[in-house]
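Asks: the sequence isn't on hand, but the structure is:
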């Protein structure tokens, strides 16, 4: 069965470049981002891990942990990290999961159950679906999934933008409109009555009866 928004993120124990972790325990009470890769030493993925390494402080400022995954063994990840640093100029300080038995990839429905039990001999094309981003909230629920083709590098500035939106809307009864960025106006959710909105969001503007705009709350 496919994983859906608000499903509990499946827990697992796995080896990583930072040692063995249990996923839910590793998340703790923070937000977390899990992003996966079909194979080490692939060109697009090399740039992606470098891009995430460059955003390390941005994620930390948002109380968010980041963890990568590739179907290759952890020993390969450590060698790959050297290439990533040379290409991007940034050190990979976040953990990267080794998934040589494909267990986690199957658990997260990125590979079918009959994909085999070893990454050995598998080409990147065979693992093409292992190109997904999962954002998990502190209550261990999946709040976002994004899957990308192998030829398209992921936009991690967009991941930061979405994270900002989700953290804001988890705290306040608002939603963010199309192309919203930090500091822009937001939408008051339909669950808030006009009477409540007058108190909670003084000076809000009604565009349509179902579309009310207000300044971004702090």
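Replies: Thanks, I have it. Here the structure is a predicted model, which is why all the values come from computation and not from measurement. Numbers count the residues shown, from 1 in each chain.

Asks: pLDDT weak spots in this protein?
Replies: In the predicted model, the chain carries pLDDT under 70 at residues 1.

Asks: domain ranges for it?
Replies: With domains defined by the TED database, the chain comprises 7-154, 172-214.

Asks: show me where this protein has strands.
Replies: Residue ranges of the strands in the chain, as given by DSSP state E, are 13-16, 19-22, 31-37, 64-70, 96-98, 132-136, 142-147, 174-175, 186-188, 205-208, 211-214.

Asks: got these as a markdown table, with distance to residue 166 columns?
Replies: All C-beta spots, glycine's among them, are computed from the backbone N, C-alpha and C. Conversion of these to a markdown table gives the following (distance: least, CB to CB, whole Å):
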| stretch | distance to residue 166 |
| --- | --- |
| strand 13-16 | 25 |
| strand 19-22 | 23 |
| strand 31-37 | 8 |
| strand 64-70 | 10 |
| strand 96-98 | 23 |
| strand 132-136 | 7 |
| strand 142-147 | 5 |
| strand 174-175 | 11 |
| strand 186-188 | 13 |
| strand 205-208 | 23 |
| strand 211-214 | 18 |
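
Asks: need those in TSV (columns: mean neighbour count and distance to residue 50).
Replies: Converted to TSV, these look like this (neighbours: other CB atoms under 10 Å; distance: least, CB to CB, whole Å):
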stretch	mean neighbour count	distance to residue 50
strand 13-16	18	18
strand 19-22	12	22
strand 31-37	23	12
strand 64-70	22	11
strand 96-98	25	13
strand 132-136	21	16
strand 142-147	16	19
strand 174-175	18	33
strand 186-188	21	32
strand 205-208	10	41
strand 211-214	17	38
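
Asks: between those strands, which one is nearest to residue 120?
Replies: Nearest to residue 120 among the strands of the chain is strand 96-98; the distance by CB to CB comes to 12.5 Å.

Asks: circling back to that earlier point, buried deepest among the domains of the chain, which one?
Replies: Each of the domains of the chain was scored by mean neighbour count; the highest is domain 7-154, a mean of 17, by mean count of other CB atoms under 10 Å.
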